[in-house]
Each structure stands twice: as C-alpha cells, then as structure tokens.
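Chemist: for reference, the sequence and a predicted model appear below.
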Amino acid sequence: MAACNAYYYATRDPLGVGGDFTTAPEIHQMFGEMVGAALADVWTRIGKPVEAVYAELGPGRGTLAGDASRVLRRVGFEGAIHLVETSPALRERQAALLPEAIFHDSLDSLPEVPLLLAANEFFDALPVRQFVGDRERRVILAGGTMAFDRDGEIVETSPARAEVAEQLGRHLATHGGAALVIDYGYAGGERGDTLQAVRAHRHALVLDRPGEQDLTAHVDFKALAEAARKGGADASRIVSQGSWLETLGIGARAMALAAKNPDDTQSIAEARRRLCDEEQMGRLFKVLALRAPDWPSVAGLE
C-alpha cells in the first residue's frame, strides 16, 4: 500500500473532475474557512504568539491552506505556511497557489515552534496491516495475478499512522500549538476490511493496477488519539464533520456568501449539503483536535 501510493501521488494530480477523487476543500471555500476560523480562534485565545506557523500534512492542491490562511491573516496572523508534501506534481500546484510556502518531506523538519496544523484526508492514505485471527493477511501471486492469501474476520491496524500521530503529539507538547485531523473513519473498536481503491471517482478492485489508483482505508480515530496522547498532547472528543461544521457556523457563512453572490445560491447550498449531510460527507468523516496541554480547546470539540 505504501509503495503503490508513493508512486501514485508522485506521478499525478489525482484531484478534481479529471482525476480520481475530490476532497472537501475542493468542494467549496467554506470548508477551509471553517478550519481557518477554528485555528484562528485558538491562536487568538492563547495570546497570538508571533512565532506560530500554519502547517499542513498532505495539502492536496494547496486549496485548504489558501482558504485557512486567508482567515488567519484577517486576525493578524503573520506566520509562514509550511506544507508537508512528497509529490512533485502536487508541490507544483501548491507552489503556484502559495508561492511563499515552505516545503517539507516529513513532519521531522517542521520548525520547532507552535503549529496551527491541518491534516485533511492525510491519514487514510497511510498504509494499514490486516490480520485474520493471529495471522497477518498478505498479497501473493496466484495464477499470474495478485490475490490475498486469506479471508475471514479482519482486524486492521496502522503502525504508520500511530507513528505520525505520536510524533505530532510530541511536537505539540514540546513546542505548543493545535492540530485538526479530518478524515473518513470511525471512533474506534470497529472490525472489518476497509481497504479500498478509487479510480475515476469510482470504486475499483484493490489489487487491480497497482500504483495507478488511490488506495485508502478508514481511519481509527481512537487509535490516533491514543498515539498523540502517548506523545504528550491532549486529544479532543471525536465528532462528525457535519456536526462540527454546523457548530462552527457554516450555515451563517453560506447565507452570507449567498447574499453577496445571489447567482451562486444553489451551488453554495449544494456544497453545504455535501459537506454536512449525514448521507454524504457529514457522518462518515470525523474531526479530532490535538493540542499542547496548555493550549485552549478547539471550538466545537471542547
């Protein structure tokens, strides 16, 4: 999974109508604005530390960073924008939108200062391990094609995700800051196979065309929270994306945008529904906040 996704992301921009999938920031600016407002609120309540920076893990085309930082700038935030991105194709898109951005290959090289960090649909692409009983499920060659070596009741784990979450928790605990993790997944304890492939906005066979389609698995948010706490950070309760966005005021923002742009009223309403309705992204996607123990809670996740 790690090898396939490394090649996949390095060789293309997978987002948008002509790609394989669309993320929340690409649906409408309201999503990034809500993220930016939540981070701006935390930064303001902690006293507006001038050394703080905005950081993002897996920033896509840079759309979320652009929308969130625009809101942060409105309250006086002047920190730099740091993007953790390994894909040359996506870095090119991000640099075109955010020429001032500073790029990193990993979380390790982020500056040792307070972070206002976002990770939207980042953890789902990190590799999982699957177990049937006490045996790890593996990929084998059978009849000239790839296949799984066993079936049964599956339990998924992700040491790679836990490692990043613990590292992020350690950074926040040591240097300060707050992070928002937004992804599709579950609150913890669920069992079953969630590994999936997407190509051209449709589900595909997981072992088909390795490196040419997006591989993801649902995120265990409880496991992320536990790993971040191990690193020394505080972790919030886990809520659905729709509930969180509505609590933050996406409805009021939609009305304000529609009032300024009457011709876009329908598209704004459709975007809000897509982001918030339970039948769409609202329930499946979850939100978790991590923070330094002496930093305030993130709004909507107290």
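Modeler: Nice, thanks for sending it over.

Chemist: C-alpha from now on. contacts and neighbour counts both.
Modeler: Noted.

Chemist: phi first, then psi, for Ala179.
Modeler: phi -130, psi 140 (degrees, to the nearest 10).

Chemist: surely it and Ala289 touch.
Modeler: Yes. Ala179 lies in contact with Ala289 (CA atoms under 8 Å); the separation is 5.6 Å.

Chemist: residue furthest from the geometric center of the chain?
Modeler: Gly143 (37.8 Å; CA atoms, centre = their mean).

Chemist: all helices of the stretch 151-300 of the chain, in order?
Modeler: Taking DSSP state H, counting those that start in this stretch as the test, the helices found in the stretch 151-300 of the chain are 159-175, 221-230, 241-248, 250-260, 265-276.

Chemist: the residue lying closest to Arg150 once chain neighbours are set aside: neighbouring residues, count only.
Modeler: Distances taken as CA to CA, 6 or more residues apart in numbering place Arg137 nearest to Arg150, at 6.1 Å, with adjacent residues excluded. Counted with other CA atoms under 10 Å, residues neighbouring Arg137 total 19.

Chemist: re the thing from before, save the helices of the stretch 151-300 of the chain as TSV, and put in mean neighbour count, mean pLDDT and distance to Leu15 too.
Modeler: Putting these into TSV (neighbours: other CA atoms under 10 Å; pLDDT from 0 to 100; distance: least, CA to CA, whole Å) gives the following:
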stretch	mean neighbour count	mean pLDDT	distance to Leu15
helix 159-175	21	98	22
helix 221-230	22	98	24
helix 241-248	19	98	20
helix 250-260	15	97	24
helix 265-276	18	97	17
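
Chemist: so which of the ones you listed gets nearest Gly185?
Modeler: For the helices of the stretch 151-300 of the chain, the distance to Gly185 is smallest for helix 221-230, at 7.0 Å, taking CA to CA.

Chemist: what residues does the closest one touch?
Modeler: 161-163, 165-170, 185-189, 234-236, 238, 286, 288, 290 (CA atoms under 8 Å, 6 or more residues apart in numbering).

Chemist: for His203, give the beta-bridge partners.
Modeler: For His203, the beta-bridge partners under DSSP bridges are Val198.

Chemist: what helices or strands is the helix or strand harbouring Leu116 leaning on?
Modeler: For Leu116, the enclosing helix or strand under DSSP states H and E is strand 115-120. The contact analysis (3 or more CA pairs under 8 Å, 6 or more residues apart in numbering; DSSP states H and E) places strand 115-120 against helix 29-45, strand 53-57, strand 177-186.

Chemist: got the contact list for that strand?
Modeler: Strand 115-120 has contacts (CA under 8 Å, 6+ apart) with 35, 39, 43, 52-59, 172, 175-183.

Chemist: in its sheet, what does it sit against?
Modeler: As assigned by DSSP bridges, strand 115-120 forms pairs with strand 53-57 (parallel), strand 177-186 (parallel).

Chemist: how distant is the following helix or strand past the shortest one from the center of its chain?
Modeler: Beyond strand 53-57 on the C-terminal side, the first helix or strand identified by DSSP H and E is helix 63-74. Offset of helix 63-74 from its chain centre (CA atoms, centre = their mean, to the nearest Å): 16 Å.
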